[in-house]
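[1] need a structure here:
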Amino acid sequence: MKFILIFGPQAVGKMTVGKELSNLTGLKLFHNHMTIELLHPFFDFTSEMFHLSSHFREKIFQSFVQTDQLGMIFTYVWAFNLEQDWKEVERFCHIFRSNGAEVYFVELEANIDTRLERNRTPNRLEEKPSKRNINRSEQELKNSIEKYRLNSTNGEIEEEYYIRINNTFLSPKQVAQKIITAFQL
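    Numbering: from 1, shown residues only. Alright, predicted model coming up:
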């Protein structure tokens with residue numbers, strides 16, 4: 001089994017790349033908004049929503065590793081300046097590693113103008129109802145730049161299977177092909 005963690009800032013293209021990678025590999029896509037959109041109508045973007053979302057993800061991962069599936073692609077916004085995010089990533093990866101899965105890290109980065117454009121795409125808005133208030137979503141994206149470090153520093157990720165891709169000018173298919181080639185999927 002394989003676990004591919006695609007991470008990077010909001011609207012960098014994690015879900016869209018994940019969809020393309022899923023289509024090309026047969027791995028199941030579990031994008032981070034699948035749990036967020038379930039909980040958002042009840043809790044908005046509160047600590048309770050994020051707590052429950054993390055709990056649901058862990059339970060899904062624990063059940064998934066018991067299947068005979070090829071693997072899973074999971075998308076995540078990782079705040080590198082928050083210890084709790086490091087711990088959450090480690091918990092998620094541990095579930096897969098302790099069940100014999102190979103774990104792959106894919107970091108995406110893109111410039112802010114590209115991310116603001118992607119924040120408005122029909123695919124994103126269809127999949128993520130909580131992002132349909134464009135003004136709020138854009139403000140949240142801009143505020144996160146000041147509050148969080150959403151891309152790693154050089155050498156910070158010390159994983160055997162790790163790739164960093166600037167996808168500002170790449171299509172989702174090109175990025176997925178780079179991932180497949182890098183990890184020989």
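
[2] quick check, central residue of this protein?
    The chain has Thr75 as the residue nearest its centroid, 1.8 Å off, counting by C-alpha atoms, centre = their mean.

[3] how about the strands in this protein?
    Assignment of strands within the chain using DSSP state E yields the ranges 2-7, 28-30, 71-76, 102-109, 162-166.

[4] which one of those strands lies closest to Leu185?
    The closest approach between Leu185 and any of the strands of the chain, judged by C-beta to C-beta, belongs to strand 2-7 at 7.3 Å. Any C-beta I mention is one placed from the backbone N, CA and C, and that applies to glycine too.

[5] ok, now which ones touch His40?
    Going by C-beta atoms under 8 Å, 6 or more residues apart in numbering, His40 touches 49, 129-130.

[6] picking up where we left off before, just put the strands of the chain in JSON lines and tack on distance to Lys142 and mean pLDDT.
    Shown next, in JSON lines, are these (distance: least, C-beta to C-beta, whole Å; pLDDT from 0 to 100):
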{"stretch": "strand 2-7", "distance to Lys142": "19", "mean pLDDT": "98"}
{"stretch": "strand 28-30", "distance to Lys142": "27", "mean pLDDT": "98"}
{"stretch": "strand 71-76", "distance to Lys142": "20", "mean pLDDT": "98"}
{"stretch": "strand 102-109", "distance to Lys142": "16", "mean pLDDT": "98"}
{"stretch": "strand 162-166", "distance to Lys142": "20", "mean pLDDT": "98"}
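
[7] nearest spatial neighbour of Gln177, skipping sequence neighbours?
    Leu24 (7.7 Å; C-beta to C-beta, 6 or more residues apart in numbering).

[8] isn't the one you found up against Ile180?
    Yes. At 6.3 Å, Leu24 counts as touching Ile180 under the criterion of C-beta atoms under 8 Å.
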